[in-house]
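Enquirer: Give me coordinates for this.
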Amino acid sequence: MAVAVSPTSDNTSSAGGDNASHPGDGPPSPAGFDFGGYLDAARLQVELALDGSLGPERPESLRESMRYSLLAGGKRLRPILCLAACELAGGDRSLAMPTAVALEMVHTMSLIHDDLPAMDNDDLRRGRPTNHKVYGEANAILAGDALLTRAFEMVALRSPGVPAERLLLVVGELSLASGAPGLVGGQVVDLECEAKQVDLETLEYIHLHKTGALLRACVVCGALIAGASDELLAALRTYARGIGLAFQIIDDILDVTASSEVLGKTAGKDLTADKSTYPKLLGLEESRLRADALVAEAKAALAPWSGQASPLLALADYITSRDR
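Expert: As a prediction, this is how the structure comes out:
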């Protein structure tokens, strides 16, 4: 039986500080919501779960390579989105943790493979040498492959207490996000468009697939674990589309405005590779306005649940206010 939190018309005022919403930005977070505390606590839980997800792999060199990238830190935005969506749908976040770990494994695989010389050819990720620089290209590819397959193991075999029919839906969502209809297809088009002039429609296609597909899977999978209603799932898909594009726009902006030390990865890589980006097509100011508008759309989709959606609303604001 599907369970979901009922929509409400709660329009309580926003908390102050960096996470405060602006007029017209969609429903604000309720006053008193400690987003920083929520984020810190969720990150700690995710880190512990990630650390426990890799056992005594053999050979040891494979385990070391997998752990090197999976436990390299980072925002952990994707697993936290999964947990928050599960909670919004009335579920227990502990039931969604294996899926949250799986989503971070898929994301880590994509980073390992993106950094390879045959693709984005980067030497720095999360403030330290990329996986292939430490373990070699062959081991990096295989570590990524192992993380991808372990992700499906986490959902299918290591998710106690979740009905099998819900796990099947999660596997389907994760498959679509990870493969040709999702991040792999987006990466291919991204590579094909290097040093070419592309229009905004093509750029959005790239990022809705390369970045947005996995972000969508994060919120949808978390809600599926809790047995969310079709109404809530549709709203979450709209929310995810908005934050997915906004996330990439901010990434594009930071690539030209932030330093490598702040980003933890090589700044200016898009310019060097002659990639099409939002600042290149729209300029910095218009790109920022576009990101803000997308976040407003995302938050508006959750307006009927605003009383219960504080974490997701605050995460949407966080996407455009981050500096890395």
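
Enquirer: so where's the longest helix in this structure?
Expert: helix 230-257 (DSSP state H).

Enquirer: Could you list the low-pLDDT ranges of the stretch 1-150 of the chain?
Expert: Low-confidence segments of the stretch 1-150 of the chain, defined by pLDDT under 70, are located at 1-31.

Enquirer: ditto for the stretch 151-300 of the chain
Expert: Those would be 259-265, 267-273, if you go by pLDDT under 70 across the stretch 151-300 of the chain.

Enquirer: show me where it has helices.
Expert: 164-178, 183-192, 200-210, 212-225, 230-257, 260-263, 269-272, 278-282, 284-301 (DSSP state H, counting those that start in this stretch).

Enquirer: Most tightly packed of those helices?
Expert: helix 212-225 (a mean of 28; mean count of other Cβ atoms under 10 Å). Where you see a C-beta, it was placed from the backbone N, CA and C, and this is true even at glycine.

Enquirer: tilt between that helix and helix 200-210?
Expert: For helix 212-225 against helix 200-210, the angle by axes from the mean of the first three to the mean of the last three Cα atoms, to 10 degrees is 50 degrees.

Enquirer: quick check, distance from helix 212-225 to the centre of its chain.
Expert: The chain centre lies 9 Å from the centre of helix 212-225; the measure is Cα atoms, centre = their mean, to the nearest Å.

Enquirer: what helices or strands is that helix leaning on?
Expert: Contacts defined by 3 or more Cβ pairs under 8 Å, 6 or more residues apart in numbering; DSSP states H and E place helix 212-225 against helix 77-88, helix 93-114, helix 164-178, helix 183-192, helix 230-257.

Enquirer: Pipe these into a markdown table and attach distance to R43 per row.
Expert: Formatted as a markdown table, those follow (distance: least, Cβ to Cβ, whole Å):
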| stretch | distance to R43 |
| --- | --- |
| helix 77-88 | 7 |
| helix 93-114 | 11 |
| helix 164-178 | 22 |
| helix 183-192 | 23 |
| helix 230-257 | 17 |
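
Enquirer: thinking A316 is in contact with A300, fair?
Expert: No: contact criterion Cβ atoms under 8 Å: A316 and A300 do not qualify, at 10.1 Å.
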